[in-house]
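Engineer: Fold the following.
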Amino acid sequence: MQFQLINIGFGNTVLASEVVAVISPDSAPIRRLIQEARSRQRLSDTTTGRPIRAVIVTTQGDRRSPHSSAHPKLNTLTLNPHFAATTEAEIILSAIQPETVAQRFVFERSDRLSPLSSVDSDSMDIKLINIGFGNIVSANRVIAIVSPESAPIKRIITDARDRGQLVDATYGRRTRAVIITDFGHIILSAIQPETVANRFVVSKDSTSED
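Structural biologist: This is a model prediction of the structure:
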């Protein structure tokens, strides 16, 4: 698998395979998520003083990441050498819009690959799904999309909030879908589960046609 690096501005890059979601920062729950990551020293701010446009949620906080275990010197975030911040961030702040970051997943290919590549690049095909309000989730990280109405799912949401892994992308709207990821992050969306699932199918079909 080859390691695709995405430019997130000012000479900083993020490892595409470690990205869980790219979220707009303009809601109170996301601002709280930022504050919690900062308090746990799991935040990297790459905006260099510019307004925060995107909040990039990564798997770096969970040591189960296969890339972290197989390549201990490979960090999720590669920083401009003149920029001081942690390279083990779980939350990364960028001055680039989420849509622009998503476009770079599509367009940045072989010229941004890490020399740590080990197998054929076709095995890593990053797909991004819009879950509403300009927020994007990595389809490769999703293991379930469920309704929030049952008590067990409500407990999952509460547990994720307590451990700082709840990403509320509803913008104050009613939660319609709960997206469960493989590294413990729980993402709330105001879009129906069926609609999110259909977007996975459309994305897969369009990729196959390409």
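Engineer: and residue 31, what does it touch?
Structural biologist: Residues counted as contacts of residue 31 (C-beta atoms under 8 Å, 6 or more residues apart in numbering) are residue 25. Where you see a C-beta, it was placed from the backbone N, CA and C, and this is true even at glycine.
Engineer: Relative to residue 157, how far out is it?
Structural biologist: Separation of residue 31 from residue 157 (C-beta to C-beta, to the nearest Å): 18 Å.
Engineer: And residue 38, by the same measure?
Structural biologist: Applying C-beta to C-beta, the value for residue 38 to residue 157 is 22 Å.
Engineer: Same question for residue 45.
Structural biologist: Relative to residue 157, residue 45 is positioned 27 Å away (C-beta to C-beta).
Engineer: who has more neighbours, the two?
Structural biologist: residue 45 (19 against 16; other C-beta atoms under 10 Å).
Engineer: Over to that one: give its phi and psi.
Structural biologist: Torsion angles at residue 45 (phi, psi; degrees, to the nearest 10) stand at phi -100, psi 110.
Engineer: State the pLDDT value of it.
Structural biologist: Residue 45 is assigned a predicted lDDT (pLDDT) of 94.
Engineer: Show me where this structure has its strands.
Structural biologist: With strands called from DSSP state E, the chain shows them at 5-9, 12-15, 19-23, 43-45, 54-58, 77-78, 91-94, 128-132, 135-138, 142-146, 166-168, 177-181, 186-189.
Engineer: mean pLDDT lowest for which of these?
Structural biologist: Of all the strands of the chain, the minimum mean pLDDT falls on strand 77-78 (a mean of 60).
Engineer: ok, residue 30 touching residue 54?
Structural biologist: No. Judged on C-beta atoms under 8 Å, residue 30 makes no contact with residue 54 at a distance of 10.4 Å.
Engineer: Pick out whichever of those two has more residues nearby.
Structural biologist: Counted by other C-beta under 10 Å, residue 30 and residue 54 do not tie: residue 54 has more neighbours, with 26 against 21.
Engineer: So what pairs up with that one in the strands?
Structural biologist: residue 94 (DSSP bridges).
Engineer: OK, contacts around it?
Structural biologist: By C-beta under 8 Å, 6+ apart, the residues touching residue 54 are 8, 22-25, 93-98, 100-101.
Engineer: from these, which is closest to residue 128?
Structural biologist: Distance to residue 128, by C-beta to C-beta, is smallest for residue 22 among these, at 7.5 Å.
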